[in-house]
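Novice: heads up, no residue letters with this:
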C-alpha cells in the first residue's frame, strides 16, 4: 500500500467533514450543536493525523507543505496551548468545550492535513463544491424555518423556533452566509464563459441572499430573538484589568466567565443586561487578549495580516486560472470573517469555515505552481516535495501522533459519554423521575468528575429530593437517614464544584444557596451560607444581587445593622436597583426608622415600571409608611402580583429535631481571586 492511497482516504474524509460539519447536530447531549460539532471535528482531526503520519512512514520521509499561513496558524495554536497549560484551572474543559483549545488544535491539524492531501485541481474543485453545497443546504434550512412552515410540521420542541438552524445560532448562520456571498459573486464574475456554472452559482447566490435576508429579519424583528452582547467598553475594561494580572499569556483559555465577574466595571450594572454573566467578550480580539494575553493577540494579528497580504497579492495578479479565482474569493471571504470578529464572537461553524478557506487558499496556490508565485512574489510556498529523509523521523512522528490521540482521545471520549448521560438525567428530571435523575447524574459525575456544571446540577437535584422527602408526615428513622444522606450529598457536590474551580463566583453562589436552602434542615447552615456569600463577593465584587442575598440572611437573623450595610452597598453598586431599596426600606422599618424607610420606598416607586405589579405593591407600602410618619399618599385600588421581595425570617425546621451536619461539610477557607492556575483535584464522588 502506497501513501497516495492514504492521501486519497484522507482527502475524502476532509470532503465529507466539510459537507457534514455545518449541518451536524445531535439532540442527545446537554448542548445539541457546537458541542457535537466540536467532538466531530476533534475525532476527524485525530484520524487525519494518524493517516498523515502513516503516509510519512510509507514514504520514509516527513513531507509538510509550507505556506504563508502555516507559521501564523502554528503561532496561534501555540498561544492557546501555552495559556491552557499554564493558566487554565480545568484543562479538560478547555479541550472539550466548543471554540476553546480543543477546537483550535483540531482546526490546525485539519488545515495542515488538507493542504497536504489536496494535490489536484479536481480535488480542489470537489472541496469547494462541498463547501458551497453544505452552506447551500444551511441556507435552505434558514428559508424553510424562516417561513414558519417547518416549525408547524415537525413536532419536536427544539425545532419550533422560526430562527432554528443546524448551526445552533441564527447569528452564526447569518455571518457565514453573508461572508460567502462575495465568494460566490467573484466566482460568477470570473467565469462568464461557463454558462452552466454561472447559472448554478447564480441560483445558489440568490438562495444565500434570500436566506440571509429572512434570517436577519427574523433576528432583529423580534426582541426575543435578538442576541445579547457585552458592550465594547465593558469588554475593553475587562481585558485591561486581566492584562494587569497576566499580560503575556492571559488568564487562561476558557476562563472568560471568571474574568467577567472579577473585572466588569460598576457601570455595567446600569446596562440593560446587568444581571447576565457573559462567557465571551464583546469581540473576538478582546476575548483573545483577555484569555490568551498579548501573545494570543499578536498571533491572531499575525494571521490576519498574512491573510490580508495574500488577498492583496491575489488582487494584483493578472492570472486567469480557476485556482487563482478560488484563492482570490477565499481570501476575500476570510478577511470578511476576520472583520466580523470585531462584532460577533465566532462559533465552531464560523471558525471551521475560516480554516476551510485557509485550506482553499493554500491548496489553490500550491496547485497553480509558479505562475502566481512569480507574479505575486510569494516565495515561501513550495516545499511540498522537500521532504526530510530519515528512517527514524517518520516513526517518531507516528508514535507522537498515536500518543497524543490516546492521551487526549480517551478522556474526551469519556467526557462526551458523560454529557450524553447527563442529558439523560436532565430528561428524567423534566419527567419528575427522581430515581433515574439521581442515577444518571451520579453516573455522569463518575465518567467526568472534572466538570463543575454536573456537580452544581447534582447538588440542586439532591436538595430537591431532600425537600420532597421531608414533606412526608411522621418521618421514620429511615426517612431521616435518607434526608440526611441527600443533604450531605447536595453540600458535597456543591463543594466539589468549588474545588474544581475556586475562582468561579457562580460555584460559590451555588454553594451559598444550598446552605441557605438548608436553613430549615440543619443547624448552623446560616453561618455557612454567610461565609460562602462573602467568598462569592470577593470573586464578583460589583454584583449587587450577592449583597442583597447576604444581607437577607443577616436580616433573617435580626442583625439589621449588618443587613442595612449590605443593602446600601447594593444600592451604591446599582443606583436603580429597586429590590435593594425595597430591602433598605424594610430594614429601616424594623429599626423603627420610618422616615428613612419612607424615603427608600419612594426610591422604589420612582424606579419600578408604573404599569407593573411592583409599582402597585410599592405604592401600597409607601402609603402605609406615610401613615406611620403622618404623610398622605395615594395608592392604586387594584393589587397585583409583585416580584419585590423582602428578606424573610429564619424558617421553621422541616425536620425536627434539625439534622446535625458534620463540620467538614462547611465552606473552605476564603479563596482569593488570584488568576494563578490551580491543580484540578479529583473530587470525591458521593455514592
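Specialist: Yep, it's here. Computed from a prediction, not measured in an experiment: that's the story for all the values here. Numbering: from 1, shown residues only.
Novice: How is residue 29 assigned, secondary-structure-wise?
Specialist: Of the three states, residue 29 takes coil under DSSP: H, G, I helix; E, B strand; the rest coil.
Novice: Model confidence for it, exactly?
Specialist: Residue 29 carries a pLDDT value of 96.
Novice: Looks like it contacts residue 38 (just checking).
Specialist: No - with contact defined as CB atoms under 8 Å, residue 29 does not reach residue 38; the gap is 10.5 Å. In short, each C-beta sits where N, CA and C put it, glycine included.
Novice: quick one: which of these two has more around it?
Specialist: Neighbours were tallied for residue 29 and for residue 38 using other CB atoms under 10 Å; the higher tally belongs to residue 38 (27 against 20).
Novice: who's in contact with that one?
Specialist: 96, 97, 98, 99, 102, 103, 106, 348 (CB atoms under 8 Å, 6 or more residues apart in numbering).
Novice: Mind checking which of those residues are in strands?
Specialist: Counting by DSSP state E, the contacts of residue 38 place none of their members in strands.
Novice: Could you confirm residue 313 falls within a helix?
Specialist: Yes - judged by three-state DSSP, residue 313 forms part of a helix.
Novice: Which residue, other than its chain neighbours, is closest to the residue nearest the centre of the chain?
Specialist: With distances taken as CA atoms, centre = their mean, the chain has residue 279 as the residue nearest its mean C-alpha position (5.6 Å). Excluding the flanking residues, the one nearest residue 279 by CB to CB, 6 or more residues apart in numbering is residue 257, at 4.3 Å.
Novice: From residue 102, how far out is the one you found?
Specialist: As for residue 257, its distance to residue 102 is 17 Å (criterion: CB to CB, to the nearest Å).
Novice: ok, those two, which is more surrounded?
Specialist: Using other CB under 10 Å as the criterion, residue 257 and residue 102 rank with residue 102 on top: 27 against 17.
Novice: and this structure, what are its domains?
Specialist: 68-90+238-381, 119-223 (automatic domain parsing).
Novice: would CSV of those with mean pLDDT and distance to residue 587 be doable?
Specialist: Shown next, in CSV, are the domains of the chain (pLDDT from 0 to 100; distance: least, CB to CB, whole Å):
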stretch, mean pLDDT, distance to residue 587
domain 68-90+238-381, 90, 21
domain 119-223, 88, 36
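Novice: Nearest to residue 54, out of these?
Specialist: Among these, domain 119-223 comes nearest to residue 54, with 16.8 Å by CB to CB.
Novice: Tell me the gap between that closest one and the middle of its chain.
Specialist: Here domain 119-223 shows a centroid-to-chain-centroid distance of 24 Å under the convention CA atoms, centre = their mean, to the nearest Å.
Novice: Do a quick rundown of the helices in the stretch 201-350 of the chain.
Specialist: 232-245, 256-263, 284-316, 322-340, 348-368 (DSSP state H, counting those that start in this stretch).
Novice: quick one, which of those is nearest to residue 215?
Specialist: Using CB to CB, the nearest of these to residue 215 is helix 348-368, at 13.6 Å.
Novice: For that closest one, which helices and strands make contact with it?
Specialist: Helix 348-368 is packed against helix 34-59, helix 101-117, helix 121-146, helix 170-190, helix 284-316, helix 322-340, with contacts defined by 3 or more CB pairs under 8 Å, 6 or more residues apart in numbering; DSSP states H and E.
Novice: can you do 6 Å?
Specialist: Judged by 3 or more CB pairs under 6 Å, 6 or more residues apart in numbering; DSSP states H and E, helix 348-368 is in contact with helix 34-59, helix 101-117, helix 121-146, helix 170-190, helix 322-340.
Novice: just so I know, which of those lies nearest residue 435?
Specialist: Closest among the helices and strands packed on helix 348-368, using CB to CB: helix 34-59, at 26.8 Å.
Novice: what angle sits between that closest one and helix 170-190?
Specialist: Relative orientation of helix 34-59 versus helix 170-190 (axes from the mean of the first three to the mean of the last three CA atoms, to 10 degrees): 50 degrees.
Novice: Could you give the separation of the next helix or strand after helix 34-59 from the chain centroid?
Specialist: Following helix 34-59 in sequence order, the next helix or strand is strand 61-62 (DSSP states H and E). Put simply, strand 61-62 sits 39 Å off its chain's centre (CA atoms, centre = their mean).
Novice: again, but for stretch 340-352
Specialist: On CA atoms, centre = their mean, the centre of stretch 340-352 falls 12 Å from that of its chain.
Novice: ok, and what's touching that stretch?
Specialist: Residues outside stretch 340-352 that contact it (CB atoms under 6 Å, 6 or more residues apart in numbering) are 21-22, 34, 37-38, 98, 167, 169, 171-172, 175, 280, 283-284.
Novice: for that stretch, which positions count as buried?
Specialist: 340, 341, 344, 345, 346, 347, 348, 349, 350, 351, 352 (16 or more other CB atoms under 10 Å).
Novice: go on, stretch 478-498?
Specialist: Buried residues in stretch 478-498, counted by 16+ other CB under 10 Å: 482-498.
Novice: List the ones among those residues that fall in helices.
Specialist: 482-498 (DSSP state H).
Novice: If we only consider the buried residues of stretch 340-352, which is nearest to residue 427?
Specialist: residue 348 (24.0 Å).
Novice: Now do the closest one against residue 103, distance only.
Specialist: Using CB to CB, residue 348 is found at 6 Å from residue 103.
Novice: picking that back up, adding distance to residue 56, write the domains of the chain out as JSON lines.
Specialist: Formatted as JSON lines, the domains of the chain follow (distance: least, CB to CB, whole Å):
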{"stretch": "domain 68-90+238-381", "distance to residue 56": "17"}
{"stretch": "domain 119-223", "distance to residue 56": "16"}
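Novice: just the ones you listed: most buried one?
Specialist: Highest mean neighbour count among these (mean count of other CB atoms under 10 Å): domain 68-90+238-381, with a mean of 21.
Novice: which outside residues touch stretch 530-542?
Specialist: With contacts defined as CB under 6 Å, 6+ apart, stretch 530-542 is touched by 261, 264, 266, 505, 508-509, 511-512, 515, 546, 550, 553, 573, 667, 670, 673.
Novice: Please list only the buried members of those residues.
Specialist: Neighbour-count burial (16+ other CB under 10 Å) applied to the contacts of stretch 530-542 gives 261, 264, 505, 508-509, 511-512, 515, 546, 550, 553, 573, 667, 673.
Novice: which two in those residues are spaced the farthest apart?
Specialist: 264 and 515 (25.5 Å).
Novice: Show me how far the helix or strand encompassing residue 580 is from its chain's centre.
Specialist: Using DSSP H and E, residue 580 falls within helix 578-590. Between the centre of helix 578-590 and the centre of its chain there are 36 Å (CA atoms, centre = their mean).
Novice: now it: mean pLDDT?
Specialist: Averaged across helix 578-590, the pLDDT comes to 94.
Novice: Over to stretch 402-410?
Specialist: 91.
Novice: Stretch 465-474 now?
Specialist: pLDDT averaged over stretch 465-474 gives 83.
Novice: For it, buried residues please.
Specialist: Of all the residues in stretch 465-474, those buried under the rule 16+ other CB under 10 Å are 465, 466, 467, 469, 470.
Novice: export the residues you listed to a markdown table and tack on secondary structure?
Specialist: Compiled in a markdown table, these are given as follows (three-state DSSP):
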| residue | secondary structure |
| --- | --- |
| 465 | helix |
| 466 | helix |
| 467 | helix |
| 469 | helix |
| 470 | helix |
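Novice: any idea which of these is the one closest to residue 73?
Specialist: Using CB to CB, residue 465 is the member of the buried residues of stretch 465-474 that lies nearest residue 73, at 49.3 Å.
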